[in-house]
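Next come a sequence and a model predicted from it.
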Amino acid sequence: MKYVLVTGGVVSGLGKGVTASSIGVVLKACGLRITSIKIDPYLNMDAGTMSPFEHGEVFVLDDGGEVDLDLGNYERFVDVTLTRDNNITTGKIYQSVLEKERRGDYLGKTVQVVPHITDAIKNWIESVSAIPVDGKEGPPDACVIELGGTVGDIESMPFIEALRQLSFSVGPDNFCLIHVSLIPVLGVVGEQKTKPTQHSVRELRALGLTPHLLACRSAQPLLDSTKEKLSQFCHVPAGNILNIHDVPNIWHVPQLLQSQNAHNAILKQLNCLRIATPPHLQEWMKRAETYDNLTNSVSIINMSCSSCKHFLLGNDTGNDASFVQVRIAMVGKYIGLTDSYLSVVKALLHACISCSLKPSVDWIAASDLEDESAKLTPEAHAAAWETLKNAACVLVPGGFGDRGVQGMILAAKYARKNHIPYLGICLGMQISVIEFARSVLGLSKANSTEFDDSTPDPVVIFMPEGSRTHMGNTMRLGSRRTFFQTPDCVSSQLYHNSEYVDERHRHRYEVNPDVVDKLEGAGLKFVGKDESGKRMEILELSSHPFYVGAQFHPEFKSRPGRPSALFLGLVLAATGQLEAYINNHQNGS
């Protein structure tokens, strides 16, 4: 097994996750099979109980693992399916060691950080790195490990020591360390300062790890003199100093690495140049350039769909082409930090690019739509409603708690009554059920028991197998199968007329099965259900151009070049192309 370790220095938030993901892309393009591990030094067992405001999105894996959002980047970039064990936390390591101590596995010895914690970390890495994640048999060729945090953090010390021991035990030909650091620019003349990186590398070397490559983050390309200085003081060859400067979008980073021969430097260190092939990133770069063209274009001339050539209405999609813009109203609770909805944003981007549509996401704080907001913050209230009314489609993502719920209900009502394409995900689906029950069935007090435990009309209820006393890992999590009930429903056709679909879930509440007949009798159809037929998974409104709710989270399995079916349906409906898309796919085009 070849190990590529990515560490960070100077400051957090430099983009270690994107760097690690891009390294995986380049090595995969060289013919290697790749897996990834993210080390998070916090004491939490996983990311499941963390606030989206503090930690960003909780990414959900097929096996139900609630993990750091960087694992979402790994899956999207390298196109793999990871497991909960690909995310190591301090909490997991200490729990495994303490469980062994309680069983007496250490035969009465004093349990210490070294060797017991460090051994547990090494064993975990070596065990997980051998698990295939690309659908093929046999272990991967290389494992890209990202160490969260910044070198020098107290909580990461046991991991640093374990990784030092790992580098020694596997040998220099099987271990490559890439240190991501910051090159700030100071003064009027814009001098690139190397001292922070020098100190960061010195700290790393003092802990027993010497970087083989430096990945230097900067706003502008590094000067040759800066590289020479870094090489001299950090003991890294100038050819191994990579510059990851600012680019139009993160899909350019793999090509940025390739253009600096990062793959050759890594493969040489890992002694596997002879088994690798030159990287082929043409498709990847074409996607990055398409996104640049879309986001830089200003006028509206034509619209095309790269995945469905029959949608081409005008010119080709060269650098001078302009594209239809689709305005998407995102009505959520955590809009102050877009990382809270990272996978949703990526899924919208994947869908728009596949159809050569210029994406424009308009963020709306759900609470600003509420009547109370008109009294307290009238300007924000008016702006929110103006944004909603100017949107071509509406998306209400998942979330927890009652803040902003009334605003989401108003957004769902507006989309339903005005025939605006609507996609509700998880909570967004439950919101559409509550709104329909109130507005159409006349149940004015209909609600979810999450928001009102004493409601006389509980249309959304707590799942019977859930826990009310423990929050961590007690939801309905991971990949579950949804069976389509109506073959000709929009959702089934978007999934290419499949009998069922496997998507990832994360929820504690569900549509009350006792009210399903009443809702369906009034026109809200549950076209997707679980294997028992009692759990509602997908709803549609037949008299609407596109009104879909999904209890699962389709964004977690969306990939560049392979967008989520429901997100694709939303943007196609927003531009009036959905019917033609479905008809052409039914005809085998």
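The structure has been received and is ready for your questions.

phi, psi of residue 190?
Residue 190 has phi and psi values of phi 70, psi 50 when expressed as degrees, to the nearest 10.

which residues of the stretch 201-350 of the chain fall in helices?
Taking DSSP state H, counting those that start in this stretch as the criterion, the stretch 201-350 of the chain carries its helices at 224-234, 253-259, 262-269, 282-296, 342-354.

among those helices, which gets the worst mean confidence?
Taking the mean pLDDT of each of the helices of the stretch 201-350 of the chain, the lowest value is held by helix 282-296, a mean of 84.

quick one, that one and helix 342-354 angle?
90 degrees (axes from the mean of the first three to the mean of the last three C-alpha atoms, to 10 degrees).

buried ones in helix 282-296?
Of the residues in helix 282-296, those buried by neighbour count under the rule 16 or more other C-beta atoms under 10 Å are 284, 287, 288, 289, 290, 291, 292, 293, 294, 295. Placement of C-beta: from N, CA and C, glycine included.

Repeat that for stretch 71-91.
By neighbour count, with 16+ other C-beta under 10 Å as the criterion, the buried positions of stretch 71-91 are 71-80, 82-91.

show me what contacts the residue nearest to residue 46 when sequence neighbours are not counted?
Among residues not flanking residue 46 along the chain, residue 66 sits closest, at 4.8 Å (C-beta to C-beta, 6 or more residues apart in numbering). Shown here is residue 66, whose contacts under the criterion C-beta atoms under 8 Å, 6 or more residues apart in numbering are 46, 47, 48, 58, 59, 60, 84, 473, 477, 506.

same thing but at 10 Å, please
Residue 66 makes contacts with 44-50, 58-60, 84, 87, 472-473, 475, 477-478, 506, as judged by C-beta atoms under 10 Å, 6 or more residues apart in numbering.

same deal with residue 283?
Residues in contact with residue 283 (C-beta under 10 Å, 6+ apart) are 29, 560, 561.

May I see the ChimeraX selection of the buried members of these?
Written as a ChimeraX command, the selection of buried residues from those, which uses 16+ other C-beta under 10 Å, is:
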select :29,560
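
least confident pick among the contacts of residue 283?
residue 561 (88).

follow-up on the earlier one: which among the contacts of residue 66 count as buried?
A residue is treated as buried here by neighbour count (16+ other C-beta under 10 Å); on that basis the buried members of the contacts of residue 66 are 44-48, 50, 58-60, 84, 87, 475, 477-478, 506.

Which of those residues fall in strands?
Within those, residues falling in strands by DSSP state E are 59, 60, 87, 477, 478, 506.

if we take these, which one ends up nearest to residue 15?
Of all those, the one with the least separation from residue 15 (C-beta to C-beta) is residue 59, at 16.8 Å.

beta partners of the closest one?
Taking DSSP bridges as the rule, residue 59 bridges to residue 67.

Contact partners for it?
Taking C-beta under 10 Å, 6+ apart as the criterion, residue 59 is in contact with 47, 65-75, 82, 87, 342-343, 504, 506, 553, 555-556.

change it to 7 Å
By C-beta atoms under 7 Å, 6 or more residues apart in numbering, the contact list for residue 59 reads 67, 68, 69, 71, 72, 343, 556.

same deal with residue 267?
Residues near residue 267 by C-beta under 7 Å, 6+ apart: 30, 273, 276.

quick one, phi/psi of the closest residue to residue 554 other than its chain neighbours?
In this structure, residue 554 finds its nearest non-sequential neighbour in residue 564, 4.3 Å apart by C-beta to C-beta, 6+ apart. Backbone dihedrals for residue 564, given as degrees, to the nearest 10, come out at phi -60, psi 140.

And residue 564, how far from residue 428?
Distance, residue 564 to residue 428, by C-beta to C-beta, to the nearest Å: 14 Å.

Likewise for residue 172?
Taking C-beta to C-beta as the measure, residue 172 and residue 428 are separated by 51 Å.

Those two - which one has more neighbours?
In this view residue 172 and residue 428 are compared by other C-beta atoms under 10 Å, and residue 428 has more residues nearby, 25 against 12.

And the pLDDT at the residue nearest to residue 46?
What the model reports as pLDDT for residue 66 is 93.

residues touching residue 243, list them.
Residue 243 makes contacts with 216, 218, 221, 222, 260, as judged by C-beta under 7 Å, 6+ apart.

Select from the residues you listed the one having the most neighbours.
residue 216 (24 neighbours).

And for that residue, nearest residue in space, chain neighbours not counted?
residue 183 (4.8 Å).

again, but for residue 186
Setting aside the residues directly before and after it, residue 186 is nearest to residue 193 in space (C-beta to C-beta, 6+ apart), at 5.6 Å.

now residue 48
residue 66 (3.5 Å).

And the helix or strand of the chain with the lowest mean pLDDT, what's buried?
Each helix and strand of the chain was given a mean pLDDT (mean pLDDT, DSSP states H and E); the minimum falls on helix 52-55 at a mean of 76. Residues of helix 52-55 classed as buried under the neighbour-count rule (16+ other C-beta under 10 Å) are 52, 55.

Using CSV, write out every CA atom in it.
Taking Å, rounded to 0.1, in the frame of the first residue of the first chain, the C-alpha atoms of helix 52-55 are listed here in CSV:
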residue,chain,number,x,y,z
PRO,A,52,-23.9,23.3,10.6
PHE,A,53,-23.0,26.8,11.6
GLU,A,54,-19.8,25.6,13.3
HIS,A,55,-18.8,22.6,11.2
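
What helices and strands are in contact with it?
With contacts defined as 3 or more C-beta pairs under 7 Å, 6 or more residues apart in numbering; DSSP states H and E, helix 52-55 has no packing partner among the helices and strands.

In the chain, where is pLDDT below threshold?
Counting by pLDDT under 70, the chain has low-confidence residues at 188, 295-323, 336-338, 469, 471, 587-589.

Shouldn't residue 585 be within a strand?
No: the assignment for residue 585, made by DSSP: H, G, I helix; E, B strand; the rest coil, is helix rather than a strand.

show me the contacts for it.
Residue 585 makes contact with residue 496 under the criterion C-beta under 7 Å, 6+ apart.

you'd agree residue 81 is up against residue 136?
No: under the contact definition of C-beta atoms under 7 Å, residue 81 does not touch residue 136, with a separation of 11.5 Å.

now the end-to-end length of stretch 360-377.
The straight-line separation of the ends of stretch 360-377 (C-alpha to C-alpha, to the nearest Å) is 25 Å.

how would you label residue 503: helix, strand or coil?
Per three-state DSSP, residue 503 ends up strand.

picking up where we left off before, what is the most widely separated pair among the buried residues of helix 282-296?
284 and 295 (17.2 Å).

which stretches of the stretch 351-500 of the chain form helices?
Assignment of helices within the stretch 351-500 of the chain using DSSP H, counting those that start in this stretch yields the ranges 371-376, 378-390, 405-417, 427-439, 490-494.

Pipe the ones you listed into a markdown table and attach distance to residue 207 per row.
What follows is the helices of the stretch 351-500 of the chain, written out as a markdown table (distance: least, C-beta to C-beta, whole Å):
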| stretch | distance to residue 207 |
| --- | --- |
| helix 371-376 | 51 |
| helix 378-390 | 49 |
| helix 405-417 | 48 |
| helix 427-439 | 44 |
| helix 490-494 | 51 |
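
wait, which of these is closest to residue 232?
Evaluated over those, closeness to residue 232 peaks at helix 378-390, with 53.3 Å, by C-beta to C-beta.

Does anything pack onto the closest one? Which helices or strands?
strand 325-332, strand 358-365, helix 371-376.

again, 8 Å this time
On a contact count with 3 or more C-beta pairs under 8 Å, 6 or more residues apart in numbering; DSSP states H and E, helix 378-390 meets strand 325-332, strand 358-365, helix 371-376, helix 405-417.

my guess is residue 541 contacts residue 522, does it?
No: with contacts counted by C-beta atoms under 8 Å, residue 541 stays clear of residue 522, the gap being 10.2 Å.

I appreciate the help and will end here.
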